[in-house]
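Participant: From the sequence below, what's the structure:
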Amino acid sequence: MANRDLDQWRITAAEKSGGTSCPEVKEFVLKLVGPLKGVKKVLDFGAGRGELLEILIKTQPDWELTGTDILPRPELLSSKVAWHQQDLNTAWVPNELFDLAICSEVIEHLENPRQLMRDLANLVRPGGWLILTMPNQESYRSLLSLWLRGNHVSFLGDCYPAHITALLSEDLKRISAETGFEAPQIYFSNRGVLPKLTRITWQKISFGFLTGKRFSDGVGMVARRGLD
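Facilitator: Below you'll find the model as predicted:
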């Protein structure tokens, strides 16, 4: 594929994703952000429409925020946020390092997860943090889809070409170790819908009892970059 065609393919894929994620994903990210200390400079890697950045402006007013995405800067994004338009499949070398990089619902869109993690390691200061979220391929809903329909539920035909890389939580641990991050803490969103009944969650029908890996649509990790 010629470079021009490849660039357009990637833009088309990004546009299909809409540059956004559901409110529950943003709530999940905020829960992962909450306990972190010593954070000032923050990068939203794959910021899309800038919706998470706008939330962080309100919840973390002291943070210095930067967003990057293959899509152009959102027109209504606050002037408080720096923006870099960048194909996330290619390395970006900024003139600064960040205390925290947030990579939420991005890795499944990109072609090389290991290259992504190496790029993120180069963007985070030694001892800094990475928060990453992605669809959970280990839920009962996703496993049932794989068995009956031949692919994980977030990678069926209507999700392509936006979603192209399916990973498991074990992959996140292995890739972190390969790319300079300490052993990550893995978390599940504890929100998952039933197969074919996407308005009903496992948590609702079980009064909050059914949680964890098999009953969550999202998985996240918090990893610290090793000290040089």
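Participant: Quick one: mean pLDDT over the top strand by length along the chain.
Facilitator: Longest strand in the chain, counting residues (DSSP state E): strand 124-135. Taken as a whole, strand 124-135 has a mean pLDDT of 97.
Participant: Stretch 98-115 now?
Facilitator: 96.
Participant: Could you check it and say which residues are buried?
Facilitator: Buried residues in stretch 98-115, counted by 16 or more other Cβ atoms under 10 Å: 98-110, 113. Where you see a C-beta, it was placed from the backbone N, CA and C, and this is true even at glycine.
Participant: Count the residues that sit near residue 40.
Facilitator: For residue 40, the neighbour count with other Cβ atoms under 10 Å is 11.
Participant: swap in residue 33?
Facilitator: Neighbourhood size, residue 33 [other Cβ under 10 Å]: 20.
Participant: okay, which residue is most central for this structure?
Facilitator: residue 104 (2.0 Å; Cα atoms, centre = their mean).
Participant: what's near enough to touch that one?
Facilitator: For residue 104, the contact set (Cβ atoms under 8 Å, 6 or more residues apart in numbering) comprises 21, 25-26, 29, 44, 46, 52, 131-133.
Participant: who wins for most neighbours among the residues you listed?
Facilitator: The most neighbours of any of the contacts of residue 104, using other Cβ under 10 Å, belong to residue 132, which has 29 neighbours.
Participant: Need the phi and psi values for residue 102.
Facilitator: Taking degrees, to the nearest 10, you get phi -110, psi 120 for the backbone angles of residue 102.
Participant: wait, residue 162
Facilitator: Dihedral angles of residue 162 (phi, psi; degrees, to the nearest 10) stand at phi -70, psi -50.
Participant: how near is it to residue 30?
Facilitator: 24 Å (Cβ to Cβ, to the nearest Å).
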